[in-house]
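>>> Pasting the sequence and the predicted model now:
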Amino acid sequence: MRVVSVVGARPQFVKLAPVAVAAAAAGVEHVIVHTGQHYDAAMSDVFFDDLHIPAPDVHLGIGSGSHGVQTGAMLAALEGVLAQQAPDWVLVYGDTNSTLAAALAAVKIHLPVAHLEAGLRSFNRRMPEEHNRVLTDHAADLLLAPTQVAADHLRDEGLAARTVVVGDVMTDVCLSVRDAVHAGRVAVTQQVAGDHVVATIHRADNTDDPDRLRSIVAGLGGLGVPVLLLVHPRLRDRAAAFGIALDQGGIVPAEPLPYPQMVAAVLASRAVITDSGGLQKEAYLLDRPCVTLRTETEWVETLQDGWNVLVPHPGDLAAAVARPRPAVPRRMPFGDGHAADRVIAALSESHVVIM
Ligand code: UD1
């Protein structure tokens, strides 16, 4: 079996890591195509190095642009690459513009498409990720759902027959890196000593409106506890353009971290504030309360028992961070840490004939 994985943005590299290991173990011919959506070394190369992912076989070097320009350039470039590879499966990951471009390119030339992390929904039609998820799920032939909640969404949209629940591959990585940190196998650079919070902000809805971004940064700066703010390029660019200083109050701005150091930073913190999907889940898996600066989340399981809370208004951040730690232990809704093996098994066992 030959599988082409198409990735391009930071969270997709994390998802790719365990799939690459599982593919190698099963003797699957695995070709990696990088669209180039993320191109900064700190957003791309370090993930390949630290998570021991084989170097991409093909790098398209597309880079940044408006949604149409970026997605269109990827679509055009991927068509020839996928046609030439003629794989048994094109595997697409998550909800970025790279995901949609690859699904569309493959389906148009009658190649079977599998969507890893299928069925997540925010039901917020303003989010580019929501467009990408819905369109990719309806284009794909095999829907690899991380949770039962995701599978239920797919069933509600008439897609049950194509759905397999495999568990969450990010959990595979997170738990094994957590164990490596605990075993002292990760070089930890302590950027803020003592009691502190780790924060990331990068969603367009939070970064692209100057008034909202100003109030978020003021809210983070005024928490009364130091905040290690890991600055995504979008946040860096928008804050500079709007003249918003990121080192206000208790904020300690820092570059984005490689994955193992990110896990170590969360483990060293008291709590997490974020608008990322992955980090909400990582906080949960790493036993840290989370505050999500959004009106909704795709990972609703994290909200159970108050481990994660949705706080759309920056003025409410301080109270949310100060809330007591949940008394109820966390559950295991995201799988057992072996989802990638099930992904490869599902690809091997599913046969799609496209007439
Ligand atoms: C993308 C995904 C989002 C995911 C996020 C993880 C889409 C629609 N969104 O958002 O779901 O959570 O990745 O980070 O695909 N930039 C750089 N260097 C880089 C990459 C980006 O400077 O290596 C800057 C550019 O100014 C670019 C901006 O960041 O315009 C945004 O990058 P983009 O790829 O458009 O989306 P993300 O915001 O990273």
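Here it is on my side, so go on. Residues are numbered from 1 along each chain as shown.
>>> residues in the stretch 1-150 of the chain within reach of the ligand, list them.
9-11, 37-40, 43, 64, 95-97, 128-129 (Cβ under 6 Å from any ligand atom). The way it works is simple: take the backbone N, C-alpha and C, and place the C-beta from them, glycine included.
>>> Now list the buried members of the residues you listed.
Buried by 16 or more other Cβ atoms under 10 Å: 9-11, 37-39, 43, 95-97, 128-129, out of those.
>>> give me every residue that touches whatever residue of the stretch 201-350 of the chain ends up closest to the ligand.
In the stretch 201-350 of the chain, the residue that lies nearest the ligand is residue 233 (3.2 Å; Cβ to the nearest ligand atom). When contacts are counted by Cβ atoms under 8 Å, 6 or more residues apart in numbering, residue 233 touches 40, 43, 256.
>>> Check the closest residue to the second one other than its chain neighbours and give its pLDDT.
With Cβ to Cβ, 6 or more residues apart in numbering as the measure, residue 10 is the residue that lies nearest to residue 43, at 5.2 Å, once sequence neighbours are left out. Here the pLDDT value assigned to residue 10 is 96.
>>> And for residue 193?
Reported pLDDT for residue 193: 88.
>>> now do the one 5 residues further on
Looking at residue 198, its pLDDT stands at 98.
>>> Kindly report the same for residue 328.
88.
>>> residues touching it, list them.
Contacts of residue 328 were listed using Cβ under 8 Å, 6+ apart, and they are 305-306.
>>> Doesn't it lie inside a strand?
No: when DSSP: H, G, I helix; E, B strand; the rest coil is applied, residue 328 is found to be coil, with no strand at that position.
>>> Begin at 36 from now on, thanks
Yes, from this point I'll number from 36; that puts the last item at residue 363.
>>> What residues does residue 368 make contact with?
Counting by Cβ under 8 Å, 6+ apart, residue 368 has contacts 182-184, 336, 339.
>>> So it: helix, strand or coil?
coil.
>>> ok, it to residue 215 distance?
For residue 368, the distance to residue 215 equals 23 Å [Cβ to Cβ, to the nearest Å].
>>> that older thread, which pair of the contacts of residue 368 spans the longest distance?
183 and 339 (13.1 Å; Cβ to Cβ).
>>> quick one: the helices in the stretch 286-390 of the chain?
294-303, 312-320, 352-356, 374-384 (DSSP state H, counting those that start in this stretch).
>>> tell me the most buried of the ones you listed?
Greatest average neighbour count among those goes to helix 312-320 (a mean of 24), per mean count of other Cβ atoms under 10 Å.
>>> what's that helix in contact with?
Residues contacting helix 312-320 (Cβ under 8 Å, 6+ apart): 46, 49, 155, 164, 203, 205-206, 209-210, 213, 235, 297-298, 301, 306-307, 309, 324-325, 327, 332-334, 336-337, 342-343, 365, 369.
>>> Kindly report the same for stretch 89-104.
Against stretch 89-104 from outside (Cβ under 8 Å, 6+ apart): 42-43, 55, 65-72, 74, 83, 105, 108-109, 112-113, 116, 132, 163.
>>> Tell me which entries of these lie within strands.
Counting by DSSP state E, the part of the contacts of stretch 89-104 found in strands is 42, 65-69.
>>> re the thing from before, can you tell me which of the buried ones among the residues of the stretch 36-185 of the chain next to the ligand end up in helices?
Members of these lying in helices (criterion: DSSP state H): 45-46, 132, 163-164.
>>> Would you point out the most distant pair within those?
The farthest-apart pair in those, when distances are taken by Cβ to Cβ, is 45 and 163, at 15.3 Å.
>>> correct me, but residue 123 touches residue 148?
No: using Cβ atoms under 8 Å, residue 123 makes no contact with residue 148, being 11.2 Å away.
>>> re the thing from before, just the buried ones among the contacts of helix 312-320, please.
Taking 16+ other Cβ under 10 Å as the criterion, what is buried in the contacts of helix 312-320 is 46, 49, 155, 164, 203, 205-206, 209-210, 213, 235, 297-298, 301, 306-307, 309, 324-325, 327, 332-334, 336-337, 342-343, 369.
>>> still on that earlier bit, please dump the residues of the stretch 36-185 of the chain next to the ligand into TSV; it should also carry distance to residue 360 for every row.
Putting those into TSV (distance: Cβ to Cβ, whole Å) gives the following:
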residue	distance to residue 360
44	32
45	29
46	27
72	37
73	34
74	39
75	35
78	32
99	39
130	30
131	33
132	37
163	34
164	30
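>>> what does the stretch 186-335 of the chain put close to the ligand?
237, 267-269, 272.
>>> related to what we said a few turns ago, can you tell which of the helices of the stretch 286-390 of the chain is closest to residue 247?
helix 352-356 (13.0 Å).
>>> Quick one: residues in contact with that closest one.
232, 254-255, 257-260, 306, 308, 326, 328, 344, 346.
>>> for this structure, which spans come out with low pLDDT?
Low-confidence segments of the chain (pLDDT under 70): 388, 390.
>>> per the record, what domains does it have?
Domain assignment of the chain by automatic domain parsing yields the ranges 37-203+371-384, 213-357.
>>> now the end-to-end length of the first one.
The separation between the terminal residues of domain 37-203+371-384, taken as Cα to Cα, to the nearest Å, is 13 Å.
>>> on that earlier part again, by neighbour count, which of the ones in strands among the contacts of stretch 89-104 wins?
Taking other Cβ atoms under 10 Å as the neighbour criterion, residue 42 ranks highest of the ones in strands among the contacts of stretch 89-104 with 31 neighbours.
>>> about what we covered before: could I get the contacts of residue 268 in TSV, plus columns for distance to residue 242?
Formatted as TSV, the contacts of residue 268 follow (distance: Cβ to Cβ, whole Å):
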residue	distance to residue 242
75	16
78	15
291	14
